[in-house]
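In: let's see this in three dimensions:
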Amino acid sequence: MLRLRSTLLILVGVCVNCLDAFGESRSYEDRLTFRVYSPSVQQQLNNKTALLELRTQINKLHDAEFLKELALSNDNFGEQGSGLFADINNVSDTCREHWNRTITGLLRSEFWAFKMLDASGKIGAGILEGHTKWMGSYDECFRIDRTLPGMPPSNSGFSTQFCGMRTKVTLGYIPLEIDFAACVPKACSPKDLTILYNDLLKRLPTQNPVRVYGTFCKEDQEIDSRAVVAIVILGIFAALMFVSTVYDLLIIQRQRHTAERTKSEILSEHTASVGEKSPLLISHEKKLAPKQDSVAERLLLAFSVYSNGKKILQVNQSAGTLTALNGIRFLSISWVVLGHTFAFITPVLSNSYVVLPDLIARWTFQAVANALVSVDSFFALSGLLLAYLTLKEMKKGQGKFRINWFMFYFHRFWRLTPAYMLLMMISICLSRYFGDGPLWPDQGIEVNYCKNTWWKNLLYINNFYSEQSCFGVSWYLANDMQFFVLSPLMLAPLYFKYRVGMVVCFIWLLGSAITPGVISNVLNLPPSAFGGGGTIQGRTDYLSNYYARPYCRIGPYIVGIIVGSLMYKTDCKVKINKYLNLLLWLVFATLAVVVLYGLRDPINFPEDALNRDVSALYNATHRIVWGACVCWVIFACATGNGGFINTLLSWSPFVPLARLSYCIFLSHFMIISTYFDSQKSLLYMDDLNAIYVFLATLVLSVMVAFVASLSFEAPMMGLEKVIFKRDRRN
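Out: Numbering: from 1, shown residues only. Coordinates of the predicted model:
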């Protein structure tokens, strides 16, 4: 364990400002970036000494007795209030007045002054285990003048604000910027506070003086124009849903209920009447046939919460449906949520120095550390379904091109874009109002409100840009859309000349393996975001030049197309000898285990790290291998060779949960970011807390996804069906 601690120091845990300064937004890439350093034992001792000395200095700044001594040591005290800062002329008059009033309050032992110091950040226990974010008491700072039961009256006479002071310390050769909180008069600007605190720090007896390099104060969030536009748009959707639901319940459903009841009564009367002729029944049935709704009615009913809710929650599926896909989709999106939960929680942990190395050392945690391949499961699913359904549609089609290729592309764009854009709008325009606290970013979840990047998301090209992205998880959607655009180059040959099509697919697959392998070798990338090889620069390049690039991620998609075409050709009727079936399950299970758990030693022990060539081989093949494992499960279950695995994955409750997987994917990042960024104290990580946080995040993501699907996804699908008269099966 000593070797592990000294060789695996993850900066996500060590960097005490990884959530950045108070009020600053962090991009999706920043949240997922892991940088691994290897400090020596002596450097670790120096790090501990530096942190302990910093603790002493910061705590003195917010110590009432120490401030009293400084104030009383000034000969001018009493003539100008608190003469402690009487010689600072470049601080605003109001700020100086309120600051001096605070010092005077301390000298007089007034309760509100002690509450201000009590609300300011102080370094407590656990600093050597990662408790290095000193946030104070955010809510107490804004309740300075509230008199508590049984306590002295509290009246400061001025408003307070919560600010973060930024200072610097060097741990080994790693320069860190550290933030600590302060509850100060609202009249003081960040510049004023920087001057005042630096004057205080100069008075501390220390050999390593500390300076404040910047101050960041929380500001009141006002409703801006972009928020107004978003609220109006959401209000329009809410109005349409309300009107549509009322019309559906009071008119449409009542008519259908009346028709059903009347028909039932007629059938009962006919059954009880001996000798009645059947034409009489047929005549009544014709008269009672429900009238077709008009186009306007169907457009309005597309927004009905009642009808859309029934469709989403329905568990019955038609014959021929690949039922095992439901379980795979929901379990895969749960895995994505699990991975993001662990990735985003690290900066708000109070024991990150200890818990992160301990977690990564576990064999069981490798499934979380390698949760990145959960996205490859979706690529494989997408390619398989596309090939299987499109080839079947081409077989039914007429004409030279077999299907309407315009509708082929339009349906995909319409299927993904409305819900995607609307939830991105909420994240950009409204997320800044979702929470509050010392770590809450003033601009919300998205960096700079996506002013210069949103259009890349709309065009599905955002994964080609290395700068901070908008709506971070959307890199997957860009890849998926790009793969979809290219798919006819494989689907058409597969339909018209199957063998030629298979050759084309394998050429694409070979290219999808060579390309990431070459990139990995040239940039000396690690095999994982956690390391396991490569250089420090290579670890930085992992996300920007490899992880989100389509030419590095298309492999599982092509595997899905190949397997989907095979299912189409065999009509899912393949008999496999039970011994061969068992062997295939063992082979693919072994490959999956190797992909998930094979990097444990290279990540934990530098002497076992993969060299450049082996890392390149892993990056070239492991996603393709994982996609093949997922596709085998689908193929085996669809052809009757899945056994109890098929029974488990086809469990009926997975059906509605699988329908919500897209909206879970779109919304879970906002939920996780909102929870962690709104923390007002650091979290202590252990297994039980991790389980609670994950399950709570997953359940809340499902609930939000259900609302999002009712509001955006289902209505848009209903509109497309009405406008283009698409069959429900399509």
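In: make it CA atoms for all contacts and neighbour counts henceforth
Out: Will do.
In: list the contacts of the closest residue to residue 646 other than its chain neighbours.
Out: Closest residue in space to residue 646, ignoring its immediate chain neighbours: residue 637 at 5.1 Å, by CA to CA, 6 or more residues apart in numbering. For residue 637, the residues meeting the contact criterion (CA atoms under 8 Å, 6 or more residues apart in numbering) are 324, 643, 645, 646.
In: how about the strands in this structure?
Out: Taking DSSP state E as the test, the strands found in the chain are 9-10, 36-37, 160-171, 174-185, 212-217.
In: can you list the strands that the third one pairs with?
Out: Strand 160-171 has the following strand partners under DSSP bridges: strand 174-185 (antiparallel), strand 212-217 (antiparallel).
In: mind listing what's buried in that strand?
Out: Buried positions in strand 160-171, judged by neighbour count with 16 or more other CA atoms under 10 Å: 160, 161, 162, 163, 164, 165, 166, 167, 169, 171.
In: for residue 140, see how far away the first one is.
Out: According to CA to CA, to the nearest Å, residue 160 and residue 140 sit 10 Å apart.
In: also the third one?
Out: With distances taken as CA to CA, residue 162 is found 10 Å from residue 140.
In: what sits opposite the closest residue to residue 217 other than its chain neighbours in the beta ladder?
Out: In this structure, residue 217 finds its nearest non-sequential neighbour in residue 163, 4.0 Å apart by CA to CA, 6+ apart. Beta-bridge partners recorded for residue 163 (DSSP bridges): residue 182, residue 217.
In: one more: residue 683?
Out: Under the criterion used (DSSP bridges), residue 683 bridges to residue 349.
In: residue 680 touches residue 435, doesn't it?
Out: No: at 10.7 Å, residue 680 and residue 435 do not qualify as touching, with contact defined as CA atoms under 8 Å.
In: residue ranges with poor pLDDT in the protein?
Out: The chain contains residues with pLDDT under 70 at 1-52, 55, 70-89, 127-128, 170-176, 205-208, 264-292, 398-401, 726-730.
In: hang on, residue 630 packs against residue 378?
Out: No: Residue 630 lies out of contact with residue 378 (CA under 8 Å); the separation is 9.3 Å.
In: end to end, how far does stretch 439-453 reach?
Out: 24 Å.
In: number of nearby residues for the closest residue to residue 432 other than its chain neighbours?
Out: The spatially closest residue to residue 432, leaving aside those adjacent along the chain, is residue 444, at 3.5 Å (CA to CA, 6+ apart). Neighbourhood size, residue 444 [other CA atoms under 10 Å]: 27.
In: now residue 444: phi and psi?
Out: Backbone torsions of residue 444, given as degrees, to the nearest 10, read phi 90, psi -160.
In: any idea how far residue 477 is from residue 470?
Out: The gap separating residue 470 from residue 477 is 12 Å, by CA to CA.
In: between those two, which one's more packed in?
Out: Between residue 470 and residue 477, counted using other CA under 10 Å, residue 470 has the larger neighbour count: 27 against 19.
In: gap between the most centrally placed residue in the chain and residue 340?
Out: In the chain, the centroid-proximal residue (CA atoms, centre = their mean) is residue 669; its distance is 2.4 Å. Note on residue 669: its distance to residue 340, by CA to CA, is 8 Å.
In: same check on residue 642?
Out: For residue 642, the distance to residue 340 - CA to CA - is 30 Å.
In: quick one on the thing from earlier: what sits against the residue nearest to residue 217?
Out: 22, 181, 182, 183, 184, 215, 216, 217, 218, 438.
In: 7 Å instead?
Out: 181, 182, 183, 215, 216, 217, 218 (CA atoms under 7 Å, 6 or more residues apart in numbering).
In: the last one: how many residues sit nearby?
Out: A count of neighbours around residue 218, defined by other CA under 10 Å, yields 18.
In: isn't it right up against residue 162?
Out: Yes: Residue 218 is within contact range of residue 162, at 5.9 Å (criterion: CA atoms under 7 Å).
In: residue contacts, residue 361?
Out: residue 604.
In: against residue 528, how distant is it?
Out: 15 Å.
In: for the residue nearest to residue 673 when sequence neighbours are not counted, grab phi and psi.
Out: Excluding its sequence neighbours, the residue lying closest to residue 673 (CA to CA, 6+ apart) is residue 445, at 7.0 Å. When read as degrees, to the nearest 10, the backbone of residue 445 gives phi -70, psi -40.
In: so who does residue 445 touch?
Out: 25, 427, 431, 432, 673.
In: which residues are contacting stretch 201-221?
Out: 22-23, 161-167, 190, 193-194, 197-198.
In: one more pass at 6 Å, please.
Out: 22, 162, 163, 164, 165, 166, 167, 190, 198 (CA atoms under 6 Å, 6 or more residues apart in numbering).
In: go on, stretch 131-149?
Out: 16, 112, 119-123, 153-155, 180-181, 183, 350-351.
In: using PyMOL, define a selection of the buried residues within the residues you listed.
Out: Of those, the buried ones can be selected in PyMOL as follows, counting by 16+ other CA under 10 Å:
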select buried, resi 16+112+119+120+121+122+123+154+180+181+183+350+351
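In: residue 53: which of the contacts of stretch 131-149 is nearest?
Out: Lowest distance from residue 53 to the contacts of stretch 131-149 (CA to CA) belongs to residue 123, with 10.7 Å.
In: how many neighbours does residue 232 have?
Out: 12.
In: do you know how far it is from residue 719?
Out: Residue 232 sits 21 Å away from residue 719, going by CA to CA.
In: one more: residue 664?
Out: 22 Å.
In: so for the two, which residue has more residues nearby?
Out: More crowded of residue 664 and residue 719, by other CA under 10 Å: residue 664, with 29 against 18.
In: got a list of what the more buried one touches?
Out: 701, 702, 705.
In: measure the nearest residue to residue 588 once chain neighbours are set aside to residue 618 for me?
Out: Distance criterion CA to CA, 6+ apart; nearest residue to residue 588, sequence neighbours excluded, is residue 629 at 5.3 Å. Distance, residue 629 to residue 618, by CA to CA: 16 Å.
In: so between the two, which is more surrounded?
Out: Taking neighbours as other CA under 10 Å, residue 629 and residue 618 compare with residue 629 leading, 24 against 21.
In: what's the neighbour count on residue 604?
Out: 22.
In: distance of it from residue 365?
Out: Taking CA to CA, one finds residue 604 at 12 Å from residue 365.
In: residue 377 too?
Out: Residue 377 is 19 Å from residue 365, by CA to CA.
In: can you check residue 553 too?
Out: For residue 553, the distance to residue 365 - CA to CA - is 24 Å.
In: kindly report the same for residue 473.
Out: 23 Å.
In: go on, residue 585?
Out: 24 Å.
In: mind listing what's buried along stretch 368-376?
Out: So for stretch 368-376, counting by 16+ other CA under 10 Å, buried means 368, 369, 370, 371, 372, 373, 374, 375, 376.
In: of these, closest to residue 547?
Out: Of the buried residues of stretch 368-376, the one sitting nearest to residue 547 (CA to CA) turns out to be residue 372, at 9.2 Å.
In: format the contacts of residue 445 as TSV; extra columns: distance to residue 464.
Out: Output for the contacts of residue 445, formatted as TSV (distance: CA to CA, whole Å):
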residue	distance to residue 464
25	22
427	21
431	25
432	27
673	24
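In: restricted to helices, list these.
Out: 427, 673 (DSSP state H).
In: identify the farthest-apart pair in the contacts of residue 445.
Out: Among these, 25 and 427 lie farthest apart (CA to CA), at 12.3 Å.
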